[in-house]
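>>> The following comprises the amino acid sequence and a computationally predicted model.
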Amino acid sequence: MARVSAAEWVRGGGGRCCCSFKRIAFVICCVNLVAALLVIQSFYTSFFFRPSSGLSRNSFADQTKRMEESIRIRREMEPLALVSAARMFRMKLSREEKKGRIQLPQLVMHKLGSEILQRLRGVDNTNVTEQQAAVNLWRVQKLEEVRKATNSKSSNSSIPFREAKMLKQALETNWPLLMEGIGLWIPTNVINNQHDDKPKDEPDFEEIIPGRPMPPECHAELHTDYDGAAVRWGLTHHKESAADCCQACLDQAKRTKPGGMKCNIWVYCPSEFGCYSPDIYEHKHQECWLKQADTPRLNFKDKYSESYRNNHPNAPVVVPWMSGIVRV
């Protein structure tokens, strides 16, 4: 038997094999492509056409029924009578507002406002009486012009007949509304008269001193500051009330041995905001100064003088301290 090579055997159809490697690879690729398309189709179908349990026909019908029931319940609970009354009240207010308005064209209102402003230009801005007189004079003159236009009905008048008729009603009966529509407001001239209806024999009210009542031996004087040598430094000596400060002065005088400085002047700061003094210290509320002077001398009384306040800008008008001279 003659020998045949492998190539010749394949070309000659040896073993009846009719498929090459290329054809086998092509068939495998086609099979893979078809399988991929089937997989993509299954994903697409499951994603877009998957049945939803929440949006089924029965559940959709139930939700629609619930919405309709909710709308029906809200309509039944609506206060129809109240809504109707509010609507009628709103319509009534609208009609009243239309009645109260001046039915004049905007151009006419602007013209009237310009005329009034022209009259007010020569009037003192601070004199309300002159302003009112100027506006009233313009009103009288304008009303006379309007009356002539409505009576004559001639074409020679500068004001049309229909406009003159509306202006006549506005100037005669609706003058405040006309001023409001123009935007003109002149304050009334208020004259404040000082009335002193206090009876002649009635005493003035005394200033209230906080704290317990003042003993008579304290001889308290409001808005008074006495001078003297300090027996007790007030910056570190505070008392609840002026009576306590006076009592501290009395007690100090009783305890002092012969020859020592006995307190005979007490000075107290009753103001919650502190008390002014022409020194370098900040004097606070409830300071109690105990002083001694053979001949007590006033530092300040009632009010600081104008010349003193000019030299001391921080000084108040009224002396804030209160003092007293006791006998020891």
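That came in fine, so what should we check first?

>>> for the nearest residue to residue 285 once chain neighbours are set aside, helix, strand, or coil?
Nearest non-adjacent residue to residue 285, counting by CB to CB, 6 or more residues apart in numbering: residue 272, 5.1 Å away. To be clear about C-beta, it is placed using only N, CA and C from the backbone, and glycine gets the same treatment. When classified by DSSP: H, G, I helix; E, B strand; the rest coil, residue 272 comes out as coil.

>>> Residue 272 against residue 286, yeah?
No. Residue 272 lies out of contact with residue 286 (CB atoms under 8 Å); the separation is 9.1 Å.

>>> In terms of neighbours, single out the busier of the two.
Between residue 272 and residue 286, counted using other CB atoms under 10 Å, the more crowded position is residue 286 (21 against 9).

>>> Could you list which residues are in contact with the nearest residue to that one once chain neighbours are set aside?
Using CB to CB, 6+ apart and skipping residues adjacent in sequence, the residue nearest residue 286 is residue 238, 4.4 Å away. Each residue near residue 238 by CB atoms under 8 Å, 6 or more residues apart in numbering is listed here: 284, 286-288.

>>> among those, which are in helices?
Among those, none falls in helices (DSSP state H).

>>> Now do the strands in the stretch 201-328 of the chain.
Listed in chain order, the strands of the stretch 201-328 of the chain (DSSP state E, counting those that start in this stretch) span 220-221, 224-232, 265-268, 288-301, 322-325.

>>> most tightly surrounded among these?
Of all those, strand 265-268 has the most neighbours on average by mean count of other CB atoms under 10 Å, namely a mean of 28.

>>> which helices and strands does that one pack with?
The contact analysis (3 or more CB pairs under 8 Å, 6 or more residues apart in numbering; DSSP states H and E) places strand 265-268 against strand 224-232, helix 242-255, strand 288-301, strand 322-325.

>>> Put the alpha carbons of it into CSV.
The C-alpha atoms that make up strand 265-268 are tabulated as CSV, following Å, rounded to 0.1, in the frame of the first residue of the first chain:
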residue,chain,number,x,y,z
ILE,A,265,-21.6,113.2,110.3
TRP,A,266,-22.8,110.3,108.2
VAL,A,267,-22.9,110.4,104.4
TYR,A,268,-24.7,107.6,102.4
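
>>> residues of stretch 238-252 that come out buried?
Across stretch 238-252, burial judged by 16 or more other CB atoms under 10 Å covers 239, 241-250, 252.

>>> and of these, the nearest to residue 65?
Checking the buried residues of stretch 238-252 against residue 65 with CB to CB, the nearest one is residue 241 at 81.3 Å.

>>> phi, psi of the closest one?
The phi/psi pair for residue 241 (degrees, to the nearest 10) reads phi -150, psi 170.

>>> Test my guess that it contacts residue 212.
Yes. Between residue 241 and residue 212 there is a contact under CB under 8 Å: 5.8 Å.

>>> Check the secondary structure at residue 110 for me.
At residue 110 the chain is in helix, as set by three-state DSSP.

>>> Low-confidence stretches in the stretch 51-200 of the chain?
For the stretch 51-200 of the chain, residues meeting the criterion pLDDT under 70 lie at 51-57, 95-104, 125-126, 152-158, 174, 183-200.

>>> give the contact list for residue 214.
Taking CB under 8 Å, 6+ apart as the test, what residue 214 contacts is 220, 242-243, 246.
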